[in-house]
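[1] sequence unavailable; structure follows:
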Ligand SMILES: CSCCC(=O)C(=O)COP(=O)(O)O
Ligand SMILES: [Mg+2]
């Protein structure tokens, strides 16, 4: 397991399984998109934003009807740009209609507020599109918490299991790798980030049934991660 040496200045956070329960994404957001995507594709295909994504589907899967391809990707939980962009659009409609409200783990907002107050830069890296990230944090049970974050990264920089994506984030921001702490539940994502020189912490939420890996520090909550990395917002020691 890698050791913890340098206090991070940037916290780069995954969403599903790290700040939001896997159950919220898989039992609320994904089914909502599955229900509403066919109508979006059928009725809003001429909207320029939707149209651009439909063209991208046709490029990636020539000859396949777009809704058939989207269903295939949803069945595989594929992290693909056009699916993520279109899911973001229907979730936006859902939040606007009051049919969706985002669930975050209860420790998330207080800990991020403590980190922000202490001067840490907070950023998101999720497979969900940047608009979808802003929607989830804009419609939480605690209100709009998007101002806590200064940067949002999605598949535009590459997939989360690819070391190059983290190098792209470093290039775009000028952050030093050792200053950045990436928090995620998925070991393959942490491996990629660590290979790019970032500090990493696996969030192993008992409710999500996450399995702890062996290579990286493990925390059950963000306060637990704060304690491991010398950050504010740590839970009091027992
Ligand atoms: C913006 S919330 C929905 C997240 C999502 O679509 C997804 O596929 C989960 O991605 P993550 O990278 O946060 O695990
Ligand atoms: Mg995750």
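    Arrived safely. What you are looking at is a predicted structure, and each value in this text was computed from that prediction instead of being measured. Numbering: from 1, shown residues only. Ligands and ions are numbered 1, 2, ... in the order given.
[2] quick check: longest helix in the chain by residues?
    Assignment by DSSP state H gives helix 81-96 as the longest helix of the chain.
[3] what residues of it count as buried?
    Neighbour-count burial for helix 81-96, counted by 16 or more other Cβ atoms under 10 Å, picks out 81-92, 94-95. From N, CA and C alone the C-beta is placed, and that goes for glycine too.
[4] now stretch 29-47
    Buried-residue list, stretch 29-47, by 16+ other Cβ under 10 Å: 29, 30, 32, 33, 36, 37, 40, 41, 44.
[5] with stretch 56-63 instead?
    Counting neighbours by 16+ other Cβ under 10 Å, stretch 56-63 gives 56, 57, 61 as buried.
[6] which among those are in contact with ligand 2?
    Among the buried residues of stretch 56-63, no residue is within reach of ligand 2 (Cβ under 5 Å from the ion).
[7] with pLDDT, distance to residue 227 and secondary structure as added columns, please give the residues you listed in JSON lines.
    As requested, those are exported to JSON lines (pLDDT from 0 to 100; distance: Cβ to Cβ, whole Å; DSSP: H, G, I helix; E, B strand; the rest coil):
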{"residue": "56", "pLDDT": "97", "distance to residue 227": "43", "secondary structure": "helix"}
{"residue": "57", "pLDDT": "98", "distance to residue 227": "45", "secondary structure": "helix"}
{"residue": "61", "pLDDT": "98", "distance to residue 227": "46", "secondary structure": "coil"}
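[8] need those residues in JSON lines with distance to ligand 1, can you?
    Converted to JSON lines, the buried residues of stretch 56-63 look like this (distance: Cβ to the nearest ligand atom, whole Å):
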{"residue": "56", "distance to ligand 1": "17"}
{"residue": "57", "distance to ligand 1": "17"}
{"residue": "61", "distance to ligand 1": "19"}
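[9] what's the closest of those residues to residue 225?
    Of all the buried residues of stretch 56-63, residue 225 sits closest to residue 56, with 35.9 Å by Cβ to Cβ.
[10] dump the residue contacts of the most centrally placed residue in the chain.
    Note on the chain: the residue nearest the mean C-alpha position is residue 126, at 2.6 Å, using Cα atoms, centre = their mean. Residue 126 makes contact with 14, 15, 16, 132, 133, 153, 154, 160, according to Cβ atoms under 8 Å, 6 or more residues apart in numbering.
[11] mind listing what's buried in stretch 134-151?
    Within stretch 134-151, judged by 16+ other Cβ under 10 Å, the buried ones are 134, 135, 136, 137, 138, 139, 140, 145, 146, 148, 149, 151.
[12] quick one: end-to-end distance for stretch 208-220.
    Terminal residues of stretch 208-220 are spaced 11 Å apart (Cα to Cα, to the nearest Å).
[13] run through who's touching it.
    1-2, 4, 17, 21-23, 183, 185, 187, 190-191, 194, 200-206, 225, 227-229.
[14] what of stretch 90-105?
    So stretch 90-105 is in contact with 19-21, 24, 28-29, 32-33, 36-37, 40, 131-132, 135-142, 145, 205, 221-222, going by Cβ under 8 Å, 6+ apart.
[15] now, those that are in helices?
    24, 32-33, 36-37, 40, 131-132, 135-138, 222.
[16] which two in the residues you listed are spaced the farthest apart?
    Of all pairs in those, the most separated under Cβ to Cβ is 40 and 222 at 34.2 Å.
[17] residues contacting whichever residue of the chain sits closest to ligand 1?
    Ligand 1 sits closest to residue 128 of the chain, with a gap of 2.4 Å, by Cβ to the nearest ligand atom. By Cβ under 8 Å, 6+ apart, the contact set of residue 128 is 15, 16, 84, 87, 88, 136, 154.
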